[in-house]
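> here you go, sequence then predicted model.
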Amino acid sequence: MVFTRRSLLSASIASVLGALGVTARTASAAEKAPGSPRRIAVVFVSKTGHTKSVAEAIRHFTGADVFQVETVEPYPEEYRPATEVVKAEIEQGIKRPLKPLAIDLSKYDTVILGTPTWWHRPAQPLKTWMESVDLTEKFVLTFSTHGGGGLMEVRSEFESLLPGVKLGTHFLSWGGVRRASSDVKAWLAENGLV
C-alpha cells in the first residue's frame, strides 16, 4: 500500500472525527444512505382540487408534510374568468401577494413541487414562492395536473427555475388521483421515496 500526503491527511481526519463520534461521510439531500428515511415536504398550488389530490396521495405513501401556496386575493371561482385573469397575469408578469407559508425548509431534504397547468406553464403563485426560497441543497421532484393539454412547458419551466438543483422525474396527471394511486406510488418508488 502506498501512502500519500492526501491519504495520510484523510486517515488522520477520519480518525479524529471518529473519536469525536462524527462520521466522515455526510449524505447530501440527494445522496441519502439507502434505507434512511427522507424528510419530505410537498408544496403545491391547487384551484380545483386535482393537484391537491396528488399531494394527498404523496402524503399517504410517504408521510410527507403538505403545504398549499395561496394568494392573498383569490382567483375567480368560475373557469373562464379565472383563465382570463391568469393569462393576463402571465403576459404582464404580475405576481400576486401570497399568504404566509408556515414551512421551515431546513427540516426537509426532499421538496416536491406541484402545480396545475396554467396556460402551458406552472401556476404563477408557485413560481412566486419558488423565487423566494433556496432549494439548491434539496432533492426536488415536480408534478403537474392538467385538463387535457398534457405536459406542455411545465417541466421545462421548472428546470429553468431550478438551475443547479438535483431534480427527480416529473409526474403528470390528467385531473386528480385517488389517495392510494398506484401511478403515484410507482413514481415515488422510481425516485427512491417509497
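Good, I have the coordinates.

> contacts, neighbours, all on C-alpha from now
OK.

> what number of residues lie near T83?
15 (other C-alpha atoms under 10 Å).

> helix or strand: which one has it?
Using DSSP states H and E, T83 maps to helix 79-92.

> list the buried residues in stretch 102-113.
Using 16 or more other C-alpha atoms under 10 Å as the test for burial, stretch 102-113 gives 108-113.

> got it, and stretch 49-62?
Neighbour-count burial for stretch 49-62, counted by 16+ other C-alpha under 10 Å, picks out 50-59, 61-62.

> ok so, going back, among the buried residues of stretch 102-113, which lie within strands?
In strands, judged by DSSP state E, the following of these are found: 110-113.

> and the next helix or strand past the lowest-mean-pLDDT helix or strand in the chain?
Of all helical and strand segments in the chain, the minimum by mean pLDDT, DSSP states H and E falls on helix 5-19, at a mean of 36. Sequence-wise, the next helix or strand downstream of helix 5-19 (DSSP H and E) is strand 40-44.

> who touches that next one?
Here strand 40-44 makes contact (C-alpha atoms under 8 Å, 6 or more residues apart in numbering) with 51-52, 55, 58, 62-69, 108-115, 126.

> narrow those residues to those in helices?
Cross-referencing those against helices under DSSP state H gives 51-52, 55, 58, 62, 126.

> bridging across strands, which residues link to the spatially most central residue of the chain?
Closest residue to the average C-alpha location of the chain: I112 at 2.3 Å, with C-alpha atoms, centre = their mean. Per DSSP bridges, the residues bridged to I112 are V42, L141.

> tell me the pLDDT at it?
On pLDDT, I112 comes in at 98.

> next up, the contacts around it.
Per C-alpha under 8 Å, 6+ apart, neighbours of I112: 40-43, 140-143.

> same question, K47
Contact analysis of K47 by C-alpha under 8 Å, 6+ apart lists P116.

> at 10 Å instead, please
70, 74-77, 79, 82, 115-116, 123 (C-alpha atoms under 10 Å, 6 or more residues apart in numbering).

> need the worst-confidence member of the residues you listed.
Minimum pLDDT across these falls on Y79, with 88.

> tell me the contacts of that one?
Contacts for Y79 (C-alpha under 10 Å, 6+ apart) come out as 47-48.

> that one and S46: what is the separation?
13 Å (C-alpha to C-alpha, to the nearest Å).

> just the C-alpha atoms of stretch 85-104, please, in CSV.
Output in CSV follows, covering the C-alpha atoms of stretch 85-104 (Å, rounded to 0.1, in the frame of the first residue of the first chain):
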residue,chain,number,x,y,z
VAL,A,85,-57.1,36.6,-15.2
VAL,A,86,-54.3,34.0,-15.2
LYS,A,87,-53.4,34.7,-18.9
ALA,A,88,-53.3,38.5,-18.3
GLU,A,89,-51.0,38.0,-15.2
ILE,A,90,-48.6,35.7,-17.2
GLU,A,91,-48.5,38.2,-20.1
GLN,A,92,-47.9,41.2,-17.8
GLY,A,93,-45.6,39.4,-15.3
ILE,A,94,-48.0,40.1,-12.4
LYS,A,95,-47.1,38.4,-9.2
ARG,A,96,-50.0,38.3,-6.6
PRO,A,97,-49.0,38.6,-3.0
LEU,A,98,-49.0,35.2,-1.2
LYS,A,99,-50.4,34.2,2.2
PRO,A,100,-47.5,33.4,4.5
LEU,A,101,-46.5,29.7,4.2
ALA,A,102,-45.5,28.2,7.6
ILE,A,103,-42.7,26.0,6.3
ASP,A,104,-39.1,25.7,7.6
